[in-house]
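[1] mind looking at a prediction? Sequence and model below.
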Amino acid sequence: MTSIPWTRAIPLLAAGGMVALAYGCGGTSSAPSAAVQPASAQPQSPAAKPPTPAVLPKLPEPGPALPPLTYDAKGRRDPFAPVRVATEKPGLDVATTKLVGVIQGRQLLALIEVPDGVGYILKPGDVLGNGRLTDITPHSATFAVAGKSGQRDTSVTLKLTSGE
């Protein structure tokens with residue numbers, strides 16, 4: 001048996017596939033099929049019945065009403081209740097925060113506490129409320145605060161207090 005290079009085998013396989021496809025589809029037709037006329041051009045016999053509509057299965061009768069769904073919060077927020085956005089607090093003001101500590105490692109990190117007791121660990125460049133932390137020393141943290149409309153940009157420096 002001789003071997004055929006694969007570059008010559010591909011066209012042979014393609015031709016064989018087309019022959020198999022034609023054979024599977026019924027081969028070729030010797031007589032052309034009758035031309036199909038549009039529905040408006042075909043004569044309608046008066047005895048022809050209109051097509052019957054498809055019959056849909058009958059739906060079951062509704063049963064008794066189900067009790068309303070309830071959610072037991074167990075101290076969590078109801079995920080189905082609309083979220084209410086507080087409009088009283090416009091945002092966190094850096095001037096109301098407190099520098100609690102400074103962490104010395106590869107870089108200095110500031111431990112900042114906001115008025116409601118939540119603490120944040122910040123590095124230079126981090127944003128907190130209306131300010132961006134620009135500098136940290138072992139005893140202070142400096143924020144750049146964008147001025148409101150008509151006011152200049154300012155900076156706020158928080159100093160570390162020794163023991164309260």
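    Received, thanks.

[2] wait, what's in contact with residue 95?
    145, 156 (C-beta atoms under 8 Å, 6 or more residues apart in numbering). In short, each C-beta sits where N, CA and C put it, glycine included.

[3] ditto for residue 123
    Residue 123 sits in contact with 107, 108, 109, 110, 133, 136, where contact means C-beta under 8 Å, 6+ apart.

[4] and of these, the nearest to residue 56?
    residue 133 (67.4 Å; C-beta to C-beta).

[5] tell me the strands beside whichever strand or helix holds that closest one, with direction?
    Using DSSP states H and E, residue 133 sits within strand 131-137. Strand 131-137 sits in its sheet next to strand 127-128 (antiparallel), strand 140-145 (antiparallel), going by DSSP bridges.

[6] and it, which residues are buried?
    Residues of strand 131-137 classed as buried: 131, 132, 133, 136 (neighbour count, 16 or more other C-beta atoms under 10 Å).

[7] before we move on, what about stretch 101-109?
    102, 109.

[8] neighbouring contacts of that stretch?
    Against stretch 101-109 from outside (C-beta under 8 Å, 6+ apart): 110, 111, 121, 122, 123, 124, 136, 137, 138, 139, 141, 160.

[9] and those residues, which are buried?
    110, 111, 122, 136, 141, 160.

[10] the nearest residue to the first one once chain neighbours are set aside bridge partners, please.
    Among residues not flanking residue 110 along the chain, residue 141 sits closest, at 4.1 Å (C-beta to C-beta, 6 or more residues apart in numbering). As for beta bridges, residue 141 partners with residue 136, residue 158 under DSSP bridges.

[11] by mean pLDDT, point me to the weakest helix or strand of this structure.
    helix 6-24 (a mean of 66; mean pLDDT, DSSP states H and E).

[12] before we move on, back to that, check the buried ones among the contacts of stretch 101-109 and tell me the two furthest apart.
    So, the buried ones among the contacts of stretch 101-109 by C-beta to C-beta: farthest apart are 122 and 160, at 13.8 Å.
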